[in-house]
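K.L.:
give me a 3D structure for the following:
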Amino acid sequence: MGVCGALLAAVAVASPAAGENQTPAPLEHVEEIHFSGPEWFALVEGKTLYYQNMSGGFVGREYYVPGSRKAVFIYFDGSCYEGSWSESDGVFQFRYDGDFYFRHIERGGVLIAAEVDGPEQVVVDITNEVLSCDRDLLS
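P.N.:
Predicted coordinates:
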C-alpha cells in the first residue's frame, strides 16, 4: 500500500464524523508531504472530503468526480458550485465561482488544504458520498 492508500485508510479510520472539531495543535518539526496532482487524485477520486477551518468551523465538502478533473463544492451555507481543477508544481487551481489556489499536504497524519497566501483547512472526513448541485439527483 502506497503513501496515499495508507493515508486514506488512516483518515477513514481516525477521522471524526463530519462536523466534529479536529483542529490539530501547532506542529513543529513534523514532516510534511506535499501531494502532486496524480497522488492527490489517487487519494480522492470518487470521494467527498469534509473541511474545517483551523478554528474548528465547518467550511464545506468537496466531491471529486471519478475519471475527470471535475469537482463539486458545497459550502457550509448550502451554496453549491461545480467546477474543475488542475495542478502545476504542487499548486492546485480550482475553478468554481472564481479561482482558488491550494497546496494539499499531509502533516503529522492530518490532511491539510493550504490556501496559497491564505489560511489552512483541515480534512476531517473522507466518504464515498456522491455530491451534485442538481437538486433532482439529491432527492
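K.L.:
contact partners for the most centrally placed residue in the chain?
P.N.:
For the chain, the residue sitting closest to the mean C-alpha position, by C-alpha atoms, centre = their mean, is residue 49 at 4.7 Å. Applying C-beta atoms under 8 Å, 6 or more residues apart in numbering to residue 49 gives the contacts 61-64, 111, 123, 125-126. (Each C-beta comes from the backbone N, C-alpha and C, glycine too.)
K.L.:
tell me the pLDDT of it.
P.N.:
Reported pLDDT at residue 49 in the predicted model: 98.
K.L.:
before we move on, back to that, make CSV out of the contacts of residue 49 and add pLDDT.
P.N.:
Compiled in CSV, the contacts of residue 49 are given as follows (pLDDT from 0 to 100):
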residue, pLDDT
61, 97
62, 97
63, 97
64, 97
111, 96
123, 97
125, 97
126, 97
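K.L.:
quick check: the farthest pair among those residues?
P.N.:
63 and 111 (15.5 Å; C-beta to C-beta).
K.L.:
and those two? Which one has more around it.
P.N.:
Using other C-beta atoms under 10 Å as the criterion, residue 63 and residue 111 rank with residue 111 on top: 25 against 22.
K.L.:
which residues in the chain form strands?
P.N.:
Taking DSSP state E, the strands of the chain run over residues 32-34, 48-53, 58-64, 70-75, 80-88, 91-95, 99-107, 110-115, 120-127.
K.L.:
of those strands, which approaches residue 41 most closely?
P.N.:
Smallest distance to residue 41 across the strands of the chain (C-beta to C-beta): 7.0 Å, for strand 58-64.
K.L.:
what's the angle between that closest one and strand 110-115?
P.N.:
For strand 58-64 against strand 110-115, the angle by axes from the mean of the first three to the mean of the last three C-alpha atoms, to 10 degrees is 100 degrees.
K.L.:
tell me how far the nearest residue to residue 64 once chain neighbours are set aside lies from residue 115.
P.N.:
Excluding the flanking residues, the one nearest residue 64 by C-beta to C-beta, 6 or more residues apart in numbering is residue 44, at 4.4 Å. Distance of residue 44 to residue 115, computed by C-beta to C-beta, to the nearest Å: 17 Å.
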